[in-house]
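Colleague: sharing a sequence plus its predicted fold:
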Amino acid sequence: MTVLILALIPLPSLRVGSAEFVVDIVALGVSGLFLLLVSLEVRRQARLHLERKGNDDEHRKETP
């Protein structure tokens, strides 16, 4: 998140086509992709945890 924000700050003042602009765009892309992948993985893990918890509850109800 920090890299994403820090890459956004100088973006308006950079000249399009300069080396700094290209590096800034790459940093934005990489940090955005990383943030997207992390958020998808967290959602997947939370869903798996809830499904596992639901299966444990069903198993307890069936067992006297």
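Modeller: All right, it came through fine.
Colleague: what distance do you get for A27 to V3?
Modeller: Taking CB to CB, to the nearest Å as the criterion, A27 is separated from V3 by 6 Å. (C-beta placed from N, C-alpha, C; glycine too.)
Colleague: for stretch 2-13, what is the distance to the chain centroid?
Modeller: Stretch 2-13 has its average C-alpha position 18 Å from the chain's average C-alpha position, going by CA atoms, centre = their mean, to the nearest Å.
Colleague: report the buried residues of that stretch.
Modeller: A7 (16 or more other CB atoms under 10 Å).
Colleague: any low-confidence regions in the protein?
Modeller: By pLDDT under 70, the low-scoring segments of the chain are 56-64.
Colleague: quick one, helices of it?
Modeller: For the chain, the helices identified by DSSP state H occupy 2-8, 19-62, in order along the chain.
Colleague: buried deepest among those helices, which one?
Modeller: Among those, ranked by average contacts under mean count of other CB atoms under 10 Å, first place goes to helix 2-8 (a mean of 13).
Colleague: contacts for it next, please.
Modeller: Residues external to helix 2-8 that are found in contact with it (CB atoms under 8 Å, 6 or more residues apart in numbering): D24, A27, L28, V30, S31, G32, L35.
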